[in-house]
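Participant: next input, structure requested:
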Amino acid sequence: MGGTNSGPENRRDRRYAIRVPIYVALGKEIVHKKIPLESRDVSAGGLSFETSRLMPLAADAQIVLARLGDDGGAAAIRGHIVWTRAIPDRRRHLVGVRFVEYEGVSREDLAARIEALAREQAVE
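Facilitator: Numbers count the residues shown, from 1 in each chain. Next comes the predicted model:
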């Protein structure tokens, strides 16, 4: 399954190659099942991650970005899966999520926290 609704030419937010733990829940019926993952491509508008699970295109997803910034706080965000790509040689999938609703954090605050984390990880 694959597709794309966005690409580098359509992005308005700077993307960062940072390590940040994320939790993903698909749909209302399985919200209690969260998948611990790590993203390496994050912006205030979305992220991508690699997973062994096939995720349906256009599905609603609840995302929690954990340990963002000095306070270690998390950001809860509702998003839509906008693209998927198979990684056949590894039996995995790359998934792209566009953020649509921010809970407990503004888009601007999220952008600042991601940028600060990128600076912190660049020093490590």
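Participant: tell me where the protein is predicted with low confidence.
Facilitator: 1-11, 28-37, 69-72, 124 (pLDDT under 70).
Participant: do that again at 80, thanks
Facilitator: Residue ranges of the chain with pLDDT under 80: 1-11, 27-38, 40, 67-73, 123-124.
Participant: spit out the contact partners of the residue minimising distance to the centre of it.
Facilitator: Closest residue to the average C-alpha location of the chain: L47 at 3.3 Å, with Cα atoms, centre = their mean. Counting by Cβ atoms under 8 Å, 6 or more residues apart in numbering, L47 touches I22, S39, D41, I63, L65, G96, V97, F99. From N, CA and C alone the C-beta is placed, and that goes for glycine too.
Participant: now it, which residues is it bridged with?
Facilitator: Under DSSP bridges, the beta-bridge partners of L47 are V42, V97.
Participant: against F99, how distant is it?
Facilitator: As for L47, its distance to F99 is 8 Å (criterion: Cβ to Cβ, to the nearest Å).
Participant: how about S52: what's its closest non-neighbour residue?
Facilitator: Residue nearest to S52 in three dimensions, not counting chain neighbours: R92, with 5.5 Å by Cβ to Cβ, 6 or more residues apart in numbering.
Participant: surely the one you found touches T51?
Facilitator: Yes - using Cβ atoms under 8 Å, R92 makes contact with T51 at a distance of 6.5 Å.
Participant: dihedrals phi and psi, S39?
Facilitator: phi -100, psi 150 (degrees, to the nearest 10).
Participant: next one: it from A76, what distance?
Facilitator: S39 is 15 Å from A76, by Cβ to Cβ.
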